[in-house]
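1. just coords:
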């Protein structure tokens, strides 16, 4: 099995000892993305909708670097600081999966990196 590290300069650089994504065989594992805008160098934190869109843009950049799109995503994990924001996050997230959405779980956590409100990781298959 081949394994390669996927890096996109359009998504945030890792803040620890991990890769943005790892492709093993035909499967891509994308690390949890937070709402950091790599292009402006700013954390997007005006509201949970904008945060979710930025997270999805970061995921899209990594998918693109691997030659994939959201159509390749088979599984997502959503981590929320406040599960009361589930519906709002779900509405923004759904815009990226118009048909055949991936499997998913959404859990509330006590704290996320950089004190953000949402983090999403995913798995894609080519």
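-> That came through fine. In this text the structure is predicted, and so the values were computed from the model without any measurement.
2. where's residue 54, which helix or strand?
-> Using DSSP states H and E, residue 54 sits within helix 48-65.
3. which other residues reach that helix?
-> Outside of helix 48-65, the residues within contact range by C-beta atoms under 8 Å, 6 or more residues apart in numbering are 6-8, 10-12, 20-21, 28, 30, 33-38, 44-45, 69-70, 72-73, 85, 88-89, 91-93, 95-96, 116-120, 122, 124. Yep, even glycine has a C-beta here, placed from its N, CA and C like the rest.
4. go on, stretch 117-124?
-> Contacts for stretch 117-124 (C-beta under 8 Å, 6+ apart): 27-35, 45, 48, 51-52, 55-56, 59, 63, 66, 68, 72-82, 85, 89, 93, 102, 112-113.
5. Wait, a helix at residue 111?
-> No - read with DSSP: H, G, I helix; E, B strand; the rest coil, residue 111 is coil and lies in no helix.
6. Check what pLDDT it gets.
-> On the pLDDT scale, residue 111 is placed at 96.
7. before we move on, what about residue 15?
-> 88.
8. ok, so what distance separates the residue lying closest to it once chain neighbours are set aside from residue 90?
-> Nearest non-adjacent residue to residue 15, counting by C-beta to C-beta, 6 or more residues apart in numbering: residue 113, 6.4 Å away. Residue 113 sits 22 Å away from residue 90, going by C-beta to C-beta, to the nearest Å.
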